[in-house]
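Engineer: curious how this folds, go ahead:
(2 chains)
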Protein chains: 2
Amino acid sequence: MPLLTNLTADRKTFVTHLECSMTGEIYPADEVHGLSRVGRPLLVRYDLPAIAAHLDRAALQSRETDLWRWRELLPVRHVRDIVSLGEIETPLVPLPVSGGANVLVKDEGRLPTGSFKARGLVMAVAMAKALGIKRIAMPTNGNAGAALAAYATRCGIETVVFCPDDTPDINVQEIALQGARVWRVNGLIDDCGAIVGEGAKQGRWFDFSTLKEPYRIEGKKTMGLELASQFGWELPDAIFYPTGGGTGLIGMWKAFDELEALGWIGPKRPKMFAIQAAGCAPIVKAFDDGTEHAERWENAQTVAAGIRVPRAVGDFLILRAVRASGGKALAVEDAAIEAAVQQAARQDGLLLCPEGGATLAAYHYALSAGLVSAADRVVLFNCATGLKYPMADDSRTLDRHAPIDYDAL
Amino acid sequence: MPLLTNLTADRKTFVTHLECSMTGEIYPADEVHGLSRVGRPLLVRYDLPAIAAHLDRAALQSRETDLWRWRELLPVRHVRDIVSLGEIETPLVPLPVSGGANVLVKDEGRLPTGSFKARGLVMAVAMAKALGIKRIAMPTNGNAGAALAAYATRCGIETVVFCPDDTPDINVQEIALQGARVWRVNGLIDDCGAIVGEGAKQGRWFDFSTLKEPYRIEGKKTMGLELASQFGWELPDAIFYPTGGGTGLIGMWKAFDELEALGWIGPKRPKMFAIQAAGCAPIVKAFDDGTEHAERWENAQTVAAGIRVPRAVGDFLILRAVRASGGKALAVEDAAIEAAVQQAARQDGLLLCPEGGATLAAYHYALSAGLVSAADRVVLFNCATGLKYPMADDSRTLDRHAPIDYDAL
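Structural biologist: Next comes the predicted model:
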């Protein structure tokens, strides 16, 4: 019976080692790791020739359509460690009016807990389970905490989550309901991260901050794997990605290299556009300044909470990928974000999250600036369901006991 | 290139006619229809032998995994009329702790606009487009209105939506943002339906009430088609379905018959359990009374707004299917619904909507009453994302400027 085969059939695994993304120093697989000795993210490496000999694209595509179809390119070695809430392949939704004939939204709000954070966390939690970790803490702007809580609860790992005190109620509530302890902190995500870091140093919990453990990036990588498959193994011309910690952008870039090493795609890469809010744009500043690293952004503020990330530990990896791709880092104003969310909903019936709106706003700018053409096949990432965010109420009331003026309805 | 092939490749279609679900009277396809002459739902009929000669299960499963892979069994004749927001196949999520080893949740919250209403409305709107309808009105408890607004906006059809005045804000807001005119009415869904009916009689709009046009049921039918495919063409032993208007239950039952006629499944059927809230249980009462139709339920109230439906025009179809299947109609108290939502979230990390919680509560009752056994393979329908519903806030606040007591975190 084919039911949930990707979750029940053990397969060969191919992880060889981890290496420092900055120095290339090698670290052994199958041990608990945080950042590298120089304080930078670790990347998981695979025996790609062996994968190429073991699996081809047709075999892959005959599997059920979920994240775990890519298991040979993922770090989880045993099916018993997989913790799943149904990680489907997210659809590509055309945006013909508010975007254009060649604009597709990758709608990540369809994932468990309603955001792309599920991709990273399902992998990181599975590896935490495999490595025997019992207690995890994380700073979050909301969606990552929700995904962590759901997956950790599912396998009995205790979680403590710290979020800025203005995190939307719905995020805080879902995190708590899904079994985590939640603290609202008077500060931003990196202030929350400092508390998590201190507790980790004291041995109270494992630090699950973005890129501070090696496996979230492997989960996020599946966005790139899926795009390759969905586009018939020829990548789109440009990708607009809302960039906070940037794990997904780094992950997709890594995925493309791995797919090319397998011989499944050619050398062509999309232009990668890292989209930030004008009120918190450290990567854009570093890109424009031509620096390798980004400075902390002071007084960060934007309606797009998911990209209100003043400092990213993987800054240099984001910048390298964007530059190598011929793309650009772009900042958009909050007003443009809000207008884009309205535009997509009212013109194409698609409710984006603010960060998704930012990618649409940035696409319009990029088109007008000649950075992309209307003929380019473009993917915008809608990283979470728009239902998690405040909306205006334009309803009117009608008294059914009074005479009804049907002309006015 | 395989990109969105189900949405771009025209295929042969097989609709022969429509027929009255009560009398069997035949109506021509390709014309605008509401209810039959006796005021009952119309059912779409297909040339099933021709489909069987044209398509087999392997060919079907090689297609992209979305609702439109089933096109030969659906009423839309031309690909140009398809209005899509990415109708993925919804995942089956195990509920090992709060449910049991053989309990799977069909998580319909992953569909566009966050609920299973998308299945019905994507089909009904596509057919409205095909038939040249320009203005649609609908009574809704929330989720159907959101799906209607999104799909109708996407193809330029004007919509007017009426909902009970205590409909959750998030539903009202998303309906408005997605381009519909929304009215809050001091009454229940059938009171809203009376207004829609009067306006339709006056020729102001087309009436999109549940089962009052023939195509929502065809869209909802895909839940049954997907289950058959996902279970390897052998259906589960029992299905627990939250039942308001009951379109999905009726649709699945129809789907199973069509699949058997194609030779794709055998005669075995799941026990169908129609789940209602104790505060609005007209189908349960009719089931227990042994009647063919259900009386309107007075003073309906429940936290599960989606199943607060005092009267269902397809009552006799629901009752027939449940009885023929050897299942039962069951009512659960609001307290049990709320406890089940908590249980699934805190024990299995899965956030259900109240109606989904009702199915879990009913499953526990059915197990204790011997209506199903723990060995039965059971599917519970979570009809919408739990994110649309109120949750408690169990967070605490932490002052990062004060000394932090890490032992207390």
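Engineer: and the closest residue to residue A:213 other than its chain neighbours, which of the three is it?
Structural biologist: Sequence neighbours aside, residue A:124 is the residue nearest to residue A:213 in space, at 5.7 Å (criterion: CB to CB, 6 or more residues apart in numbering or on different chains). C-beta here means a position set from N, CA and C on the backbone, and glycine is covered the same way. When classified by DSSP: H, G, I helix; E, B strand; the rest coil, residue A:124 comes out as helix.
Engineer: so which bits of the stretch 251-400 of chain A are right by chain B?
Structural biologist: Counting by CB under 8 Å from any CB of the partner chain, the residues of the stretch 251-400 of chain A close to chain B are A:342, A:345-351, A:385-388, A:391-400.
Engineer: nope, the stretch 1-150 of chain A is what I was after
Structural biologist: Proximity of the stretch 1-150 of chain A to chain B (CB under 8 Å from any CB) is limited to residues A:1-4, A:62, A:65-66, A:84-94, A:107, A:110-114, A:137, A:149-150.
Engineer: among those, which ones are in helices?
Structural biologist: Judged by DSSP state H, the residues of the stretch 1-150 of chain A next to chain B include A:149, A:150 as members of helices.
Engineer: now, of the residues of the stretch 1-150 of chain A next to chain B, which are buried?
Structural biologist: A:4, A:65-66, A:84-94, A:107, A:110-114, A:137, A:149-150 (16 or more other CB atoms under 10 Å in any protein chain shown).
Engineer: the closest residue to residue A:371 other than its chain neighbours: what's it in contact with?
Structural biologist: In space, and not counting its chain neighbours, residue A:371 is closest to residue A:328: 6.0 Å by CB to CB, 6+ apart. Counting by CB atoms under 8 Å, 6 or more residues apart in numbering or on different chains, residue A:328 touches A:271, A:273, A:274, A:287, A:322, A:366, A:371.
Engineer: now, the residues you listed that are in helices?
Structural biologist: A:287, A:322, A:366.
Engineer: can you give me the domain assignment for chain A?
Structural biologist: Structural domains assigned to chain A are A:5-81, A:92-99+A:102-114+A:215-388, A:117-207, following automatic domain parsing.
Engineer: residue boundaries of the helices in chain A?
Structural biologist: For chain A, the helices defined by DSSP H cover A:5-8, A:48-54, A:57-61, A:117-130, A:143-154, A:169-177, A:189-201, A:216-220, A:222-230, A:247-262, A:282-289, A:315-325, A:334-348, A:354-368.
Engineer: thought the residue nearest to residue A:213 was touching residue A:219?
Structural biologist: Yes. Counting by CB atoms under 8 Å, residue A:124 sits close enough to residue A:219 to count as a contact (6.7 Å).
Engineer: circling back: can I get the domains of chain A in a markdown table with mean pLDDT?
Structural biologist: Formatted as a markdown table, the domains of chain A follow (pLDDT from 0 to 100):
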| stretch | mean pLDDT |
| --- | --- |
| domain A:5-81 | 96 |
| domain A:92-99+A:102-114+A:215-388 | 97 |
| domain A:117-207 | 96 |
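Engineer: as TSV, those with distance to residue B:50 would be great.
Structural biologist: Listed next are those as TSV, based on distance: least, CB to CB, whole Å:
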stretch	distance to residue B:50
domain A:5-81	28
domain A:92-99+A:102-114+A:215-388	31
domain A:117-207	42
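Engineer: to residue B:144, which of these lies closest?
Structural biologist: With CB to CB as the measure, domain A:92-99+A:102-114+A:215-388 is the member of those nearest residue B:144 (14.4 Å).
Engineer: between the two ends of the closest one, how far is it?
Structural biologist: 20 Å (CA to CA, to the nearest Å).
Engineer: and what of stretch A:361-375?
Structural biologist: 18 Å.
Engineer: can you check stretch A:242-251 too?
Structural biologist: Length of stretch A:242-251, first residue to last, CA to CA: 13 Å.
Engineer: check stretch A:49-58 too.
Structural biologist: Start-to-end span of stretch A:49-58 (CA to CA) is 17 Å.
Engineer: list the buried residues for that stretch?
Structural biologist: Those would be A:51, A:55, A:57, for stretch A:49-58 by 16+ other CB under 10 Å.
Engineer: which of the residues of the stretch 251-400 of chain A next to chain B are buried, as a PyMOL select command?
Structural biologist: To isolate the buried members of these in PyMOL, using 16+ other CB under 10 Å:
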select buried, chain A and resi 342+345+346+347+348+349+350+351+385+386+387+388+391+395+398
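Engineer: in strands, which of the residues of the stretch 251-400 of chain A next to chain B appear?
Structural biologist: A:396, A:397, A:398 (DSSP state E).
Engineer: list the contacts for the first one?
Structural biologist: Taking CB under 8 Å, 6+ apart, we find residue A:396 in contact with B:181, B:182, B:183, B:184.
Engineer: dump those to JSON lines, plus distance to residue B:250 and neighbour count.
Structural biologist: Shown next, in JSON lines, are these (distance: CB to CB, whole Å; neighbours: other CB atoms under 10 Å in any protein chain shown):
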{"residue": "B:181", "distance to residue B:250": "29", "neighbour count": "17"}
{"residue": "B:182", "distance to residue B:250": "27", "neighbour count": "28"}
{"residue": "B:183", "distance to residue B:250": "28", "neighbour count": "23"}
{"residue": "B:184", "distance to residue B:250": "29", "neighbour count": "19"}
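Engineer: now, which of these lie close to chain A?
Structural biologist: When CB under 8 Å from any CB is applied, the members of the contacts of residue A:396 adjacent to chain A are B:181, B:182, B:183, B:184.
Engineer: could you find which two of those residues are furthest from each other?
Structural biologist: Of all pairs drawn from the ones next to chain A among the contacts of residue A:396, the widest gap by CB to CB lies between B:181 and B:184 and measures 11.6 Å.
Engineer: pretty sure residue A:76 sits against residue A:130.
Structural biologist: Yes. In this structure residue A:76 lies within contact range of residue A:130 using CB under 8 Å: 6.6 Å.
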